[in-house]
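Participant: okay, structure incoming, though there's no sequence with it:
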């Protein structure tokens, strides 16, 4: 079993699942849940292989680089696959209760395509294949946003599509320049050949600008809140938890492996934008009157923390950012699910009219509160471990001023989380009709929130995983 | 300046021309066309730079990339047109709202 090509299955399985769900819409739910469980098993298999044999490279169809497409697994890509598998399983279970029959027949094939694109992206070993998977991801994500119907969701989806295409084209132009300069698109080969030159700087600028736009880093975040907030709840969860992280993953790979000579300038710029995102996202979240808009702005803020790893530039800094990514994925999935439950139950998500939701949906509000604990960064959650490591990296590298951002960001998150929970206890002036929620929706939200907390207790496992074939060591100063 | 470099510069020019149009025009059809002009610009750069090696046969790899890119561009344009039609049917205008709706 150790020689088995888990990578190929990780892409083929959701792809076959998408086709199956499209052809047999009546069977879509069991088929989707089967595929989701299958992916979790494949990720465990790939992780075992990685732990035993080290990094894996698989040439698709027997054609190696530079001509063929290679799939490559190291600790970083496995971690991303694992995050996707766990959050994806939770979202699949939640979706089995959320969608009406009519919507489900469109949701499942698109979600399986999106999962295919994510897995293929994390396994790609060359920058052109990353472009293709990035586009596949964008198209599936836009179609999923549009699934909600209505003027808000359609406009949000349209804006998202234009932004996404613009980002990918800027990235592709960068790929063209790099290929022209160094005759390869393989990351490992480029890592050896690329040297600073005006063409490389132009390529780095174009690719980074495109990816920053897709990651919604402040001030390029304008498209994210309307798209994420107007989508159906499971779609908001997977967009915030997984899709924006994919372009961050590519950015991290590019700057760590292909442009490590960049020096402190660009890294500091990204760190500053990240810090601005933390503050701006937090303040905007606090100002929102709709729950889903609030959570979407919190995604803008939480994405900002990831970029603090660039100026910290140490193994601890990168590990902290990845841990932040992991715990944010779990917590944000839970939070959007909880918001989805509230919307499903009461028909609205106005924060001021939550109307004693504590008594009426106790599991849901527990999930929201637990996810909030992780997002604020209180112990013993995953968010706490991540912020603690960021703090350590900041102090060790003598850049203590980032600590201020961590504290203010945490306070802002605490402020909006307590505001929401406060309204959940009070009686609303305008009572409204409610409808019963499927049990799986409440429990899957709670389980994802508990996962976010448990990540704080079982931190050593994922941390050990990240170190296999780690691209971070090259930075040296850890 | 040789022909290949000239084509590559024209490609880069098309890219930025498209970017300008994407930003200034409000009508969705114009925005979709602008994205397509940008895409053609990138493809032109790829094809032109493939011929810059100076050998008799140009490098085939960028051509393969362009073919893949065209497939992606066709699908993206189809989705964008379908969405634009639905936006117009829902809101009565083929434009995006100035401020994101609350």
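Facilitator: Cool, got the structure. On a predicted model such as this, the values are computed, not experimentally measured, just so you know.

Participant: which residues of the stretch 351-478 of chain A score low on pLDDT?
Facilitator: A:430-431, A:473-478 (pLDDT under 70).

Participant: which residues does the closest residue to chain B within it contact?
Facilitator: The nearest approach of the stretch 351-478 of chain A to chain B comes at residue A:351, 12.7 Å away (C-beta to the nearest C-beta). Every C-beta, even on glycine, is put in place using the N, C-alpha and C of the backbone. Going by C-beta atoms under 8 Å, 6 or more residues apart in numbering or on different chains, residue A:351 touches A:288-291, A:294, A:419-420, A:423.

Participant: could you measure from it over to residue A:3?
Facilitator: 54 Å (C-beta to C-beta, to the nearest Å).

Participant: equivalent analysis for residue A:107, please.
Facilitator: From residue A:107 to residue A:3 the distance is 36 Å (C-beta to C-beta).

Participant: neighbour-wise, which of those two wins?
Facilitator: A side-by-side neighbour count of residue A:107 and residue A:3, using other C-beta atoms under 10 Å in any protein chain shown, places residue A:107 first with 24 against 6.

Participant: now check the helix or strand where that one lies, is it near chain B?
Facilitator: For residue A:107, the element it lies in under DSSP states H and E is helix A:101-123. No: Helix A:101-123 lies out of reach of chain B by C-beta under 8 Å from any C-beta of the partner chain, never closer than 11.3 Å.

Participant: which strands and helices sit next to that helix?
Facilitator: If contacts are counted by 3 or more C-beta pairs under 8 Å, 6 or more residues apart in numbering or on different chains; DSSP states H and E, helix A:101-123 sits against helix A:6-23, helix A:28-53, strand A:70-73, helix A:75-98, helix A:127-146, helix A:233-238, helix A:244-253.

Participant: let's go with 6 Å and repeat that
Facilitator: Contacts defined by 3 or more C-beta pairs under 6 Å, 6 or more residues apart in numbering or on different chains; DSSP states H and E place helix A:101-123 against helix A:6-23, helix A:28-53, helix A:75-98, helix A:127-146.

Participant: next, the angle helix A:101-123 makes with the third one.
Facilitator: Angular relation of helix A:75-98 and helix A:101-123 on a 0 to 180 degree scale: 180 degrees, by axes from the mean of the first three to the mean of the last three C-alpha atoms, to 10 degrees.

Participant: now the angle from helix A:75-98 to helix A:6-23?
Facilitator: With the same axes, to 10 degrees as the basis, helix A:75-98 and helix A:6-23 are set at 20 degrees to each other.

Participant: can you pull out the helices in chain B?
Facilitator: B:3-24, B:28-50, B:60-91 (DSSP state H).

Participant: in a markdown table, list those along with distance to chain A.
Facilitator: Converted to a markdown table, the helices of chain B look like this (distance: least, C-beta to the nearest C-beta, whole Å):
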| stretch | distance to chain A |
| --- | --- |
| helix B:3-24 | 6 |
| helix B:28-50 | 4 |
| helix B:60-91 | 5 |
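
Participant: which of those helices sits most buried?
Facilitator: The highest average neighbour count among these, using mean count of other C-beta atoms under 10 Å in any protein chain shown, belongs to helix B:28-50 at a mean of 22.

Participant: please identify which of the helices and strands packed on helix A:101-123 is closest to residue A:180.
Facilitator: helix A:127-146 (12.6 Å; C-beta to C-beta).

Participant: is that closest one up against chain B anywhere?
Facilitator: Yes: counting by C-beta under 6 Å from any C-beta of the partner chain, chain B has neighbours in helix A:127-146: A:128, A:135, A:139.

Participant: excluding chain neighbours, what is closest to the first one?
Facilitator: Sequence neighbours aside, residue A:185 is the residue nearest to residue A:128 in space, at 4.4 Å (criterion: C-beta to C-beta, 6 or more residues apart in numbering or on different chains).

Participant: can you check the second one too?
Facilitator: Once flanking residues are discounted, residue A:135 sits nearest to residue B:72: 4.7 Å by C-beta to C-beta, 6+ apart.

Participant: per-residue pLDDT, the one you found?
Facilitator: Looking at residue B:72, its pLDDT reads 94.

Participant: ditto for residue B:53
Facilitator: The model reports residue B:53 with a pLDDT of 66.

Participant: surely residue A:433 is within a strand?
Facilitator: No: read with DSSP: H, G, I helix; E, B strand; the rest coil, residue A:433 is coil and lies in no strand.

Participant: what comes up buried for stretch A:357-365?
Facilitator: A:357-358, A:360-361, A:363-365 (16 or more other C-beta atoms under 10 Å in any protein chain shown).

Participant: restrict those residues to those near chain B?
Facilitator: Applying C-beta under 6 Å from any C-beta to the buried residues of stretch A:357-365, none is adjacent to chain B.

Participant: check contacts around residue 94.
Facilitator: No chain specified, so I'll use chain A. A:234, A:337, A:441, A:444 (C-beta atoms under 6 Å, 6 or more residues apart in numbering or on different chains).

Participant: um, chain B though
Facilitator: Listed by C-beta under 6 Å, 6+ apart, the contact partners of residue B:94 are B:27-28, B:88.

Participant: one more time with 10 Å, if that's ok
Facilitator: Residue B:94 makes contact with A:158, B:26-31, B:84-85, B:87-88, according to C-beta atoms under 10 Å, 6 or more residues apart in numbering or on different chains.

Participant: dump the residue contacts of the residue most central in space within chain B.
Facilitator: For chain B, the residue sitting closest to the mean C-alpha position, by C-alpha atoms, centre = their mean, is residue B:39 at 2.2 Å. The contact partners of residue B:39, by C-beta under 10 Å, 6+ apart, come to A:165, A:168-169, A:172-173, B:14-15, B:18, B:66, B:69-70, B:72-74, B:76-77.

Participant: which residues of chain A score low on pLDDT?
Facilitator: Where chain A drops to pLDDT under 70, the residues are A:1-2, A:65-66, A:430-431, A:473-478.

Participant: domain assignment for it?
Facilitator: Following automatic domain parsing, one finds the domains of chain A at A:1-262, A:285-478.
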